[in-house]
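>>> Sequence first, predicted coordinates after that:
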Number of protein chains: 2
Amino acid sequence: MQTPRKIAIVGSGLVGSLLAIYLRKAGHQVHIYDRSPDIRKINFSGRSINLAMSNRGWKALDGVGVGDAVRAIAIPMGKRAIHLVDKLNFQNYGQEGESIYSISRGLLNRKMIDLAEDAGAEFFFEQKIWDVTLDEATLHIGETERGAWEEKKYDMVFGADGAFSRIRHRMQRQSMFDYSQEFLPIGYKELNIPANADGSHKLDKNSFHIWPRGAYMLIALPNLDGSFTCTLFMPFEGENSFDLLQERKEVEVFFEKNFPDSIDVIPKLAEDFFKNPTSTLVTMKCFPWTFEDKIALIGDACHAIVPFYGQGMNAGFEDITILNEMMGKYGDDWKMIFSEYQKSRKPNADAIAELSYRNFLEMSSKTADDRFLLQKKIEKAFSDKYPEKWIPLYSRVTFSDRPYAEALAIGDFQDAIMKQILALENIENKWDSKEVEDKILELLQ
Amino acid sequence: MQTPRKIAIVGSGLVGSLLAIYLRKAGHQVHIYDRSPDIRKINFSGRSINLAMSNRGWKALDGVGVGDAVRAIAIPMGKRAIHLVDKLNFQNYGQEGESIYSISRGLLNRKMIDLAEDAGAEFFFEQKIWDVTLDEATLHIGETERGAWEEKKYDMVFGADGAFSRIRHRMQRQSMFDYSQEFLPIGYKELNIPANADGSHKLDKNSFHIWPRGAYMLIALPNLDGSFTCTLFMPFEGENSFDLLQERKEVEVFFEKNFPDSIDVIPKLAEDFFKNPTSTLVTMKCFPWTFEDKIALIGDACHAIVPFYGQGMNAGFEDITILNEMMGKYGDDWKMIFSEYQKSRKPNADAIAELSYRNFLEMSSKTADDRFLLQKKIEKAFSDKYPEKWIPLYSRVTFSDRPYAEALAIGDFQDAIMKQILALENIENKWDSKEVEDKILELLQ
């Protein structure tokens, strides 16, 4: 058991709330600050993408006994439903019974705050943190950046305050702090497919729906109330861009032409399109993540990634799993805990950033490509027969807790093999032959 | 002629001062702010590397008629003096008569401020800019970050305030601002070789002296007063690191062993070693560099690079040359001037960042490598015979004003050719043969 400490967490999002539960279970006093109002008392923002909880997320939730409470608000999706302009294909994500889980970010956040309060964490909403004194773990709180500030001293401070973290902002001003932020030229906008009158879903409930169109795409994830949260990803400028959709008529014509089967199910298309903001997508990397035994960044505050692998929250939750492991291993030596935590997580955070960036191409283009679907079929057949020799990349990321960095490296190796396999003459007709199987075995040597 | 505007420049360094002269010659009112005292009235800091002025720098100075004033305080260096542990080699930088020029940063800065004042720019020292309102080109100035601030409104503001620019800091907080800062694990420390009693130089005056030792190196550049400014570049940690040189004795033993011929010429070695700070090396990239027709970043404020190509100041001065070109081209359309300026400079800034990063290896390791020196000999012989077919990379960067991005691309192409040439059997003995020449000609096709 650790000696109880007085700990502040900045940010009451998913990672901040779950971290609070872990720290409470370890016997610490926990205060959580957030600049926003209590999300349980306000409407959601209309700028969210539904979450896809997978193995790493569940592991962190189950590790502190709150997995089942979250399962109650999650919908399993075992496959991709791929909406081409003229037909609908399905592609399983993993083995029979393996699913990712659609959860509304807002609903989950409310639930996590409830659970953290039940565990004894104290929340302070609408408290703006403007600065932190690193070597004293002291927060500076006030109404405005230039107004009067109050000081709150803690034993340690966790920055779980997201991609634009104020805690990191202070760390950035130290020497030798590596930092990068890079925006995609692609934005996203939330849309909505409402439930049928009887509360049922208008599309297959247990699928991740995707309309892959190359440089842009639409996705839809199911909600408990029968609705789907849709997200349109599209370039800001150029051909097929947000820039070209300025008028109601332009939006309607664009959807009729490119997403014909969406028209009937998105009744408030133009209304939502102009009401909801167009949001940006950023990849943020930094190092170090910690300062002595005083400050640690966690989740998006130290590794914000683009959403195309559905791993943002899962990676943040896995930070907590690893931090908790280090707490078990090093007891009261928080310097060691923080140091080993960042050493373990940094290469994996970089790897999932890279995988997520690459996956836009997979979702928006490759899922509409017969060669890619053939590759997936070959990989699946081989993996079914030799599960110890071949875990497909998607499964290693989503259905295992093997390190992301390993997934990236092995994924590249597998991809080089599959390039050679797909180059075999007449592969379309012999993809499930002994010859192909033997060739893969040979290339794996 | 442009319509006169009221312009603020933040930063009275080399780029800020030269920019002021250009803007004054174009008829504008120019105020220059700096948070530090007037460098003409204080001692230098003991943390500088001497500058190596080359073609791009001279072009910018001559473009506004101040080149000769600077030539008066510059010392030509036509070659590298390569101090191996047991011998001294020389390597010319370019053709006969081509030199880079050693200048003390402090002396040059004083001179540039004098020249800018002569041109009518007004300087405001010890004025701390804490923030800028981008769309109003308004500076916020005060004693402390949290104290009272005064506002100064301009028609436009230039951020020439270096790698840790406050002006960029505000731009960074906009959405869609790409940014990265990456520190090398290598630090540097200034040391000094004093003049002989008669004022003459203790080492060859017209050489860039270098002691290449692989992971670390020492360099020395001549000053007008007979002294040399030396810089030791070395890892912070590990084998042969600053970390291991904590005691006077350790420093002396290290220099005796690794830089034996430096011992007699650096009399205050240990004293300076512990008096002068160990400084960090950062590469900083960002985009955009400008905000509408109100704000523009220039020099290190938008592209800080490591010093191993001697191009930091040269690249910053070239920003001014290009900005001035755009002023000539687009008159009062400052939106267009800023937009074309950043579009032209960004790829070249990225290229010189990459070239500078790579050049540490060339300076610290390759200059001690016979194969590398052989490669340079082959390139020089071929380039002498076919100057229109082969400009060596170093010459293209240093003695031309061709774009850096072109230098990087062509340099990579040339390097691939030289790899093949050096792989020829018995190349040591036939390097200046017709066969090798023909082979290069063939590979250039």
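Here it is on my side, so go on.

>>> residues in the stretch 301-445 of chain A within reach of chain B, list them.
Nowhere does the stretch 301-445 of chain A come near chain B, counting by CB under 8 Å from any CB of the partner chain. Yep, even glycine has a C-beta here, placed from its N, CA and C like the rest.

>>> and the nearest residue to A:E379 once chain neighbours are set aside, what are its phi and psi?
Excluding its sequence neighbours, the residue lying closest to A:E379 (CB to CB, 6 or more residues apart in numbering or on different chains) is A:P392, at 5.0 Å. Dihedral pair for A:P392: phi -60, psi 150, per degrees, to the nearest 10.

>>> Give me the pLDDT for the closest residue to chain B within the stretch 151-300 of chain A.
Using CB to the nearest CB, the point where the stretch 151-300 of chain A gets nearest to chain B is A:S180, with a distance of 3.5 Å. For A:S180, the pLDDT comes out at 96.

>>> tell me the domain boundaries of chain A?
A:6-75+A:103-182+A:282-359, A:186-275, A:369-444 (automatic domain parsing).

>>> and those, which is most packed in?
Of those, the one with the most neighbours on average (mean count of other CB atoms under 10 Å in any protein chain shown) is domain A:6-75+A:103-182+A:282-359, at a mean of 20.

>>> Would you mind measuring the gap between the ends of that one?
41 Å (CA to CA, to the nearest Å).

>>> what separates it from the chain centre, distance-wise?
Distance of domain A:6-75+A:103-182+A:282-359 from the chain centroid (CA atoms, centre = their mean, to the nearest Å) equals 13 Å.

>>> which residues of the stretch 301-445 of chain A fall in strands?
Here the stretch 301-445 of chain A has its strands, by DSSP state E, counting those that start in this stretch, at A:303-304.

>>> which residues of it fall in helices?
Assigned by DSSP state H, counting those that start in this stretch, the stretch 301-445 of chain A shows helices spanning A:312-330, A:334-364, A:370-385, A:393-398, A:404-422, A:427-430, A:434-444.

>>> In TSV: the ones you listed, plus mean pLDDT and distance to A:I21.
Output for those, formatted as TSV (pLDDT from 0 to 100; distance: least, CB to CB, whole Å):
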stretch	mean pLDDT	distance to A:I21
helix A:312-330	98	9
helix A:334-364	96	17
helix A:370-385	92	36
helix A:393-398	95	24
helix A:404-422	96	24
helix A:427-430	94	50
helix A:434-444	95	42
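
>>> can you tell which of these is closest to A:E136?
Set against A:E136 and scored by CB to CB, these come closest in helix A:334-364, at 14.6 Å.

>>> how far is the closest one from where the chain is centred?
On CA atoms, centre = their mean, the centre of helix A:334-364 falls 12 Å from the chain's centre.

>>> same thing with stretch A:91-102?
Offset of stretch A:91-102 from its chain centre (CA atoms, centre = their mean): 17 Å.

>>> where does the stretch 51-200 of chain A have low pLDDT?
Judged by pLDDT under 70, the stretch 51-200 of chain A has no weakly predicted residues.

>>> same thing but 90
Across the stretch 51-200 of chain A, the ranges flagged by pLDDT under 90 are A:85-86, A:94-97, A:145-147, A:173-175.

>>> that older thread, is the residue nearest to the residue of the stretch 151-300 of chain A closest to chain B when sequence neighbours are not counted bridged to anything, and to what?
Nearest non-adjacent residue to A:S180, counting by CB to CB, 6+ apart: B:S180, 3.5 Å away. Residues in a beta bridge with B:S180, per DSSP bridges, are A:S180, B:K285.

>>> Isn't A:A405 up against A:P347?
Yes - between A:A405 and A:P347 a contact is recorded at 4.5 Å, counting by CB atoms under 8 Å.

>>> still on that earlier bit, could you tell me which residues make contact with the residue of the stretch 151-300 of chain A closest to chain B?
Residues in contact with A:S180 (CB atoms under 8 Å, 6 or more residues apart in numbering or on different chains) are A:283-286, B:179-182.

>>> out of these, which one sits closest to B:P37?
For those, the minimum distance to B:P37 (CB to CB) is 26.7 Å, reached by B:Q181.

>>> What sits closest to the closest one if chain neighbours are left out?
Per CB to CB, 6+ apart, closest to B:Q181 is B:M284, 4.6 Å.

>>> Contact partners for that neighbour?
B:163, B:179-182, B:300, B:303-304.

>>> how about the helices of the stretch 301-445 of chain A in a markdown table, adding distance to B:W334?
Listed next are these as a markdown table, based on distance: least, CB to CB, whole Å:
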| stretch | distance to B:W334 |
| --- | --- |
| helix A:312-330 | 40 |
| helix A:334-364 | 36 |
| helix A:370-385 | 48 |
| helix A:393-398 | 48 |
| helix A:404-422 | 45 |
| helix A:427-430 | 58 |
| helix A:434-444 | 59 |
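
>>> Of those helices, which is nearest B:Q375?
Of those, the one closest to B:Q375 (CB to CB) turns out to be helix A:404-422, at 32.2 Å.

>>> What lies in contact with that closest one?
A:311, A:315, A:347-352, A:354-355, A:371, A:374-375, A:378-379, A:390-393, A:396-397, A:427, A:436, A:439-440, A:443-444.

>>> Return the alpha-carbon coordinates of that helix using PDB.
Taking C-alpha atoms only, helix A:404-422 is exported to PDB below (Å, rounded to 0.1, in the frame of the first residue of the first chain):
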ATOM      1  CA  TYR A 404       1.500  -0.600 -29.900                       C
ATOM      2  CA  ALA A 405       5.200  -0.300 -30.900                       C
ATOM      3  CA  GLU A 406       5.300  -4.000 -31.500                       C
ATOM      4  CA  ALA A 407       2.100  -3.900 -33.500                       C
ATOM      5  CA  LEU A 408       3.600  -1.200 -35.700                       C
ATOM      6  CA  ALA A 409       6.800  -3.100 -36.300                       C
ATOM      7  CA  ILE A 410       5.200  -6.500 -36.900                       C
ATOM      8  CA  GLY A 411       2.400  -4.900 -39.000                       C
ATOM      9  CA  ASP A 412       5.100  -3.400 -41.300                       C
ATOM     10  CA  PHE A 413       6.700  -6.800 -41.600                       C
ATOM     11  CA  GLN A 414       3.400  -8.500 -42.400                       C
ATOM     12  CA  ASP A 415       2.500  -5.900 -44.900                       C
ATOM     13  CA  ALA A 416       5.800  -6.500 -46.800                       C
ATOM     14  CA  ILE A 417       4.900 -10.200 -46.900                       C
ATOM     15  CA  MET A 418       1.400  -9.500 -48.200                       C
ATOM     16  CA  LYS A 419       2.700  -7.300 -50.900                       C
ATOM     17  CA  GLN A 420       4.600 -10.200 -52.300                       C
ATOM     18  CA  ILE A 421       1.700 -12.600 -51.900                       C
ATOM     19  CA  LEU A 422      -0.700 -10.200 -53.700                       C
END
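
>>> Nearest the geometric middle of chain A, what residue?
A:G312 (2.3 Å; CA atoms, centre = their mean).

>>> Run through the residues that contact that residue.
Contact analysis of A:G312 by CB under 8 Å, 6+ apart lists A:300, A:304-305, A:356.

>>> Show me which of these is closest to chain B.
A:A304 (13.0 Å).

>>> Does A:E379 touch A:K389 like I think?
No - counting by CB under 8 Å, A:E379 does not reach A:K389; the two are 11.3 Å apart.
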